[in-house]
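> Quick one: sequence and predicted model below, then my questions.
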There are 2 protein chains.
Amino acid sequence: MEGNSFLRRLFLISAVASIVLLTLIALPTKPNPAKNQLLRHPATFKNDHVGDIPHHPLDPLTVQEMTRAHKAIKAFFAGKVYGVHSLVLEEPDKEVVRRWRKGEPLPRRKASVIGRAARKNYILTVDVESGEVTQHEAAHISGYPMLTLEEMGSVMYAPFSNADFNRTILARGVDLADVACLPFSPGWFGKAEDGRRLVKLECFTIKDTANFYMRPIEGVIVVTDVDTNQVVEIVEKGKHIPIPKAEGTDYRLDVANGPVIKLKSPVSMEQPNGPNFVIEDEHLVKWANWEFHLKPDPRAGVVISQARARDPETGVLRDVLYQGFSSELFVPYMDPEEAWYFKTYMDAGEYGFGLQALALEPLNDCPRNAKYMDAVFAASDGTPYVRSNMICLFERYAGDAAWRHTENPNTGELIREARPKISLVARMVASLANYDYVVDWEFHADGLINVKVSLTGIVIVKGTNYANMNQVNEDEAELYGTLLSDNIVGVVHDHYINFYLDMDVDGSDNSFVNVHLQRAYTNGISPRKSFMKVNKTVAKTEKDAQIKLKLTDPSEFHVINPNKKSRVGNPTGYKVVPAGTAASLLDPEDAPQMRNAFTNNQIWVTPYNKSERWSGGLFAYQSHGEDTLQVWSDRDRPIENKDIVLWYTLGFHHVPCQEDYPIMPTVSSGFDLKPVNFFSRNPVLRIAPYVESELPVCKAAASA
Amino acid sequence: MEGNSFLRRLFLISAVASIVLLTLIALPTKPNPAKNQLLRHPATFKNDHVGDIPHHPLDPLTVQEMTRAHKAIKAFFAGKVYGVHSLVLEEPDKEVVRRWRKGEPLPRRKASVIGRAARKNYILTVDVESGEVTQHEAAHISGYPMLTLEEMGSVMYAPFSNADFNRTILARGVDLADVACLPFSPGWFGKAEDGRRLVKLECFTIKDTANFYMRPIEGVIVVTDVDTNQVVEIVEKGKHIPIPKAEGTDYRLDVANGPVIKLKSPVSMEQPNGPNFVIEDEHLVKWANWEFHLKPDPRAGVVISQARARDPETGVLRDVLYQGFSSELFVPYMDPEEAWYFKTYMDAGEYGFGLQALALEPLNDCPRNAKYMDAVFAASDGTPYVRSNMICLFERYAGDAAWRHTENPNTGELIREARPKISLVARMVASLANYDYVVDWEFHADGLINVKVSLTGIVIVKGTNYANMNQVNEDEAELYGTLLSDNIVGVVHDHYINFYLDMDVDGSDNSFVNVHLQRAYTNGISPRKSFMKVNKTVAKTEKDAQIKLKLTDPSEFHVINPNKKSRVGNPTGYKVVPAGTAASLLDPEDAPQMRNAFTNNQIWVTPYNKSERWSGGLFAYQSHGEDTLQVWSDRDRPIENKDIVLWYTLGFHHVPCQEDYPIMPTVSSGFDLKPVNFFSRNPVLRIAPYVESELPVCKAAASA
């Protein structure tokens, strides 16, 4: 049995992890990244990136640079057991990057390292060329760095060497060979989480389904110390709750039951001549009137830098966004019971939004005309590995018009003009255990940037005694969710995704303007009583820009350059167009809310500060909430005509429904960054219409 | 000069109209619709529809039926001068339609007619077979029917026979030969608009541009009686305001200046095997698991009826939406001055949202794989004509996933499943003079219906003395808009589009449930302080369902069938997912707001009532606001477990910006109708992924 159980557990070991742990165990610190060590996704692996060299100040660390950094880190820890929780480029100062021009030597390449040894957090800067290591103060910040994939993989074994745990599982009638436990972050609620780094393991039976999430061993929580892999406590609150059945839970094409639904004539996005974009030097994307730097990041996922739009009137490339990325996620579940209350995830800071972004599935995750970009990330010893196909880039035409108009004169000469809407999408998908987050940065030819997050994957569920709502005698609200299937409740929860948007509209010094729409009265000078008037206010300090959206008291929110006027004298600007809004209903003094206080407002503006990147704090894991956007913003610094950063939070309330079972149809929402008096007129006025003779010549596949 | 001016005016005559007026004048009452009379769009005309016969109780009147109705109408008015303002199918009672099955004889075909003669409104029912005409009471409702295209075309001439008008124009230094005046509805503000049917003509110079909207003769308003074409009053409030220049205003590909922007490799939506949908009997659309009846309507634009989704578990076709359409639009401009205060348009009730929907432009309004549907509408004498290509239908694949998930086990067997998201779009575009409204009804394979409205076309502008903002000494807000170019202000305005959604979830008797999300406290039973709890309330009467959305006090809004439970006992339902929300800031007692009181709430629910279709009133033109959704709903009728109608209003605040000049990039917003415990599990769980060998085989066009 042991052998079988071990293998089965192995099978599941990295359900939340994503690299080949066995390889790591076999070759834990091999200094030179040989091909077999880089090769973590045999199925999709194409390029070992060993020959890559950096071309741009913001280019991520290359395999060779990471290898040099690893050597220096190893030397720094001098034989101690250590973990590398983050190893990324230490970006040069913004002014250095802004001044740099292609052809000039790169600013000195440095690595930013977050490490851990002997129960202590380390923040290091490593000079990649010289190997010099500088240590920074880390003890003043509460919390811990994000878990490494290796820790996640390893801590999943911990319960099985505990006899109490094994007895608990056997008492539930489950074979240990069928059990897999996943490490969930414990949040922080006070003393219980102080002084040691914990995970709370929740266990599932993997018997008869790949969708083990639907088979929780409800109420069993194994509190474990991640630094030692020692079980601290076993909670059993679900003795009488049955394990939900496997039937109907599997979602795989080859395994699930029922006929396959197939539309016989596939619709495809076709571009036989290849894309109109180029990716120069690995990371610099040029498409239509856009240029931007695109890179993977283990924490943020995708980082967009130096997005600039070419003005069609002047041909000049103009700054729009110095940097944009998803800074933190907050996913609180709304069940106060013992096995659920702590589920208040911070997916970027606790697990790594990029670390969990796996290879995309061509044709289904991204259309046929997509191109893919790999990532190079560091394993927990600091050695590099390749994550293939982590980002895809594709041009989209979805059948919509960029603009159109019909006039219908009488001469027989009809005026009917329409232009196709074409955009460029940069996409990654993070699979945070059960949930999948699709993040799209979509650049439109008319200067608009749409940032969209789509939620899909698997809703995490709670076991229950109920098989039908007609058995529920208690207040239905006490289910804390929806009965999705026999013995399965989809627990109510929220998703918040906070974006860091360092706007540089026509240069770095910008102002934030609240363009307030308010009722005005004509006071008898007009047959009309009332109208809506625009009242613009420039935010002087951060508190002026802590925005709670209100439908009945609306504003537009502009980031303008007060020093740059359009041809007719309007300040040039971009506005953030909110959508996908939700406000957290948690008590502002509740620990999860304080740690994720970025949800207290939908919009914030801070002065640029290199150290303020992670809105839930640098060490989000078990953080106390003293290093958050709220705390920074409450300093109320001046923000007028300064280099400013805009923060926007997308929100989703999710009351699950049966359609979300056993896997959830995609739900999307996004916000726009939209030019507002940035261009002197419609920048796609002169875009060409589609004509039949220029479109692809297609025939159906023989097998279609 | 006269000849030239006459021709030039003719050229513009139907800038807001859309049929060949000359043909009408030549053949005003020809009883048999000969081909030349039906042929109103020579360029796109393909099918004269003379042979069409009705197949379904909701099929629109055919050419032959309309011809018979026309005869009866003519006989009814017995030689009097009359106008037909609406001639459409009088839909049979809902229960009759619901009971009808294919193969059974159609319920008796009747026409619903709104006419006008001798300054009186008429509401008639015409039995299409017998020719019998029934007259209904019409005098108790204030206001007038929508303008006919012929009235719009004809009243545009009125000013030119007025010497004062001609002097006014000449005094502005404009050649009369270059002038075109457009008829704008006057709204209703009290006595000035009582007792006579008015338009307010605003004039433009058409010299040197097709985009005459950018060349207003600002401040000149010609108040004209539409029943007599007599000028009532000429307002001149713009003597010192220059006519803005023509340069840079034209948007036509062949005429506008500047190099054409062309992406060299077109992206196309290709489906060489043709669509997966069928259109049976002209109007019944079948695609994936959806079936619905689709027809054009002169007032609503597109009407969707009997939308039903096939349950993938049982194969049963289940009711979702008995009927859905855009009921009214409200577009108030926010300038209280004499020439602008009245601009508070009700585009469906005043102009006909469908009447203004012209032929779509293949490849650019709709993608290459689209199919088109024609409309048959009635001219103002009651004779039919064909509007070609008014609606397009196409399948969309935009590169997104319907669902996806990655698990990453260690065995080398990666679980990575993703499915393409495919939908069916039914689209029309209404060109209401300057503005273009794209209305999309998008049916998704997973049961979701997304209704989207996109705004594009031309922003109506105000002439001003200012050429640059540095000349503005007054409060900037007194511009009532944004300086878009020299001497042009884009005036702030709103757009509201109200949708009638007669939900029939699994049958006609439904309830509306407010699924309220609210903060709850754990009161010390958990380390967590607070959570979010779901509290469901069934609306008993209409006032319970007058919903003002609030970000910090959120709800989901479900329409459920309380008599139909899912397998695990949840009531089956659909929810409306709000987006594109805006609340009117006008005073609730202001006349335009009272007439468009449907904007007082974002969501309403009324009991089904055949006569309550037009949320701004049947006779919206110069209406007083006593026949509106607010008035009906204030009766506070019971709505629990009844046949109910849901009303949703999409809203847009529009502060124009320079990018909107001279033609506006598309802005979109939409809401969803989403299954919620309607299906017992994800209905696209078994949808097939794309595989390379089945996708189209394409090569680039030789000319690309």
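Done, it's in.

> Stretch A:656-676 and chain B, are they touching?
Yes - with Cβ under 8 Å from any Cβ of the partner chain as the criterion, chain B is reached by stretch A:656-676 at A:657-666, A:668, A:675-676. In this view, the C-beta of every residue, glycine as well, is placed from N, C-alpha and C.

> what does stretch A:414-425 give?
Yes - for stretch A:414-425, a contact with chain B is found by Cβ under 8 Å from any Cβ, at A:414-422, A:425.

> and which of the residues you listed is nearest to A:Val316?
A:Ile422 (22.1 Å; Cβ to Cβ).

> For the closest one, grab the count of nearby residues.
23 (other Cβ atoms under 10 Å in any protein chain shown).

> Test my guess that it contacts A:Phe394.
No - taking contacts as Cβ atoms under 8 Å, A:Ile422 lies outside contact range of A:Phe394: 11.0 Å.

> Kindly reformat the residues of stretch A:656-676 next to chain B as TSV containing neighbour count, secondary structure and pLDDT.
Formatted as TSV, those follow (neighbours: other Cβ atoms under 10 Å in any protein chain shown; DSSP: H, G, I helix; E, B strand; the rest coil; pLDDT from 0 to 100):
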residue	neighbour count	secondary structure	pLDDT
A:Cys657	24	coil	98
A:Gln658	25	helix	98
A:Glu659	23	helix	98
A:Asp660	26	helix	98
A:Tyr661	27	coil	98
A:Pro662	22	coil	97
A:Ile663	28	coil	98
A:Met664	25	strand	98
A:Pro665	25	strand	98
A:Thr666	22	strand	98
A:Ser668	16	strand	96
A:Pro675	24	strand	98
A:Val676	29	coil	98
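
> just checking, what packs against the strand ranked longest in chain A?
In chain A, assigned by DSSP state E, the strand with the most residues is strand A:317-332. The contact analysis (3 or more Cβ pairs under 8 Å, 6 or more residues apart in numbering or on different chains; DSSP states H and E) places strand A:317-332 against strand A:290-297, strand A:301-310, strand A:344-345, strand A:435-444, strand A:449-457, strand A:493-503.

> closest to chain B out of the ones you listed?
strand A:449-457 (4.5 Å; Cβ to the nearest Cβ).

> helices or strands up against the closest one?
When contacts are defined as 3+ Cβ pairs under 8 Å, 6+ apart, strand A:449-457 packs onto strand A:317-332, strand A:435-444, strand A:493-503, strand A:642-654, strand A:664-675, strand B:384-407.

> Name every strand pairing with it and say which way it goes.
Strand A:449-457 has these partner strands in its sheet, going by DSSP bridges: strand A:435-444 (antiparallel), strand A:664-675 (antiparallel).

> what are the ranges of the helices in the stretch 551-700 of chain A?
Secondary structure of the stretch 551-700 of chain A (DSSP state H, counting those that start in this stretch): helices at A:591-595, A:629-633.

> just the ones you listed: most buried one?
Highest mean neighbour count of the helices of the stretch 551-700 of chain A: helix A:591-595, a mean of 24 (counted as mean count of other Cβ atoms under 10 Å in any protein chain shown).

> distance between it and the chain's centre?
20 Å (Cα atoms, centre = their mean, to the nearest Å).

> Just checking it against chain B, any contact.
Yes - shown here: helix A:591-595 in contact with chain B (Cβ under 8 Å from any Cβ) through A:591-593.

> my guess is A:Phe212 meets A:Phe204, correct?
Yes - applying Cβ under 8 Å as the test, A:Phe212 and A:Phe204 come out as touching, 4.1 Å apart.

> Do any residues in stretch A:614-632 lie close to chain B?
No - Stretch A:614-632 stays clear of chain B (Cβ under 8 Å from any Cβ), getting no nearer than 13.1 Å.

> what's next to that stretch, contact-wise?
Stretch A:614-632 is contacted from outside by A:114, A:121, A:138, A:141-147, A:185-188, A:193, A:197-198, A:299, A:327-328, A:330, A:346, A:348-350, A:498, A:500, A:591, A:594-598, A:600, A:604, A:606, A:609, A:612, A:647, using Cβ atoms under 8 Å, 6 or more residues apart in numbering or on different chains.

> if I look at the closest residue to chain B within the stretch 551-700 of chain A, how far off is B:Trp100?
Minimum separation of the stretch 551-700 of chain A from chain B (Cβ to the nearest Cβ) falls at A:Gly569, amounting to 3.1 Å. Between A:Gly569 and B:Trp100 the distance is 64 Å, computed by Cβ to Cβ, to the nearest Å.

> ditto for A:Arg396
Per Cβ to Cβ, A:Arg396 is found 42 Å from B:Trp100.

> of those two, who's got more company?
Neighbour count, other Cβ under 10 Å: between A:Arg396 and B:Trp100, A:Arg396 has more, with 22 against 17.

> For the more buried one, list each beta-bridge partner.
Under DSSP bridges, the beta-bridge partners of A:Arg396 are A:Ser423.

> and if you look at A:Ala309?
Beta-bridge partners recorded for A:Ala309 (DSSP bridges): A:Trp290, A:Arg318.

> I'd say it and A:Gly315 touch.
No - counting by Cβ under 8 Å, A:Ala309 sits too far from A:Gly315 to count as a contact (11.6 Å).

> between these two, which one's more packed in?
The neighbour count for A:Ala309 versus A:Gly315, taken as other Cβ under 10 Å, is higher for A:Ala309 (27 against 8).

> In contact with A:Val267, which residues?
B:269-271, B:369, B:395-397, B:422.

> Show me where chain A dips below the pLDDT cut-off.
Scanning chain A for pLDDT under 70 picks out A:1-45, A:408-413, A:704.

> which helix is the longest one in it?
Longest helix of chain A, by residue count under DSSP state H: helix A:63-77.

> List the buried residues of that one.
Within helix A:63-77, the residues that count as buried by 16 or more other Cβ atoms under 10 Å in any protein chain shown are A:63-74, A:76-77.

> just stretch A:452-467 next, same as before
A:452-464, A:466-467.

> Return the member of those residues nearest to A:Arg681.
Distances from A:Arg681 to those, taken by Cβ to Cβ, are shortest for A:Lys452, at 27.1 Å.

> Any figure for the gap between that closest one and A:Pro216?
Using Cβ to Cβ, one gets 31 Å for the distance from A:Lys452 to A:Pro216.

> what's the distance between the closest residue to A:Tyr144 other than its chain neighbours and A:Glu129?
Leaving out its chain neighbours, the residue that sits closest to A:Tyr144 by Cβ to Cβ, 6 or more residues apart in numbering or on different chains is A:Tyr621, at 4.1 Å. Distance, A:Tyr621 to A:Glu129, using Cβ to Cβ: 32 Å.
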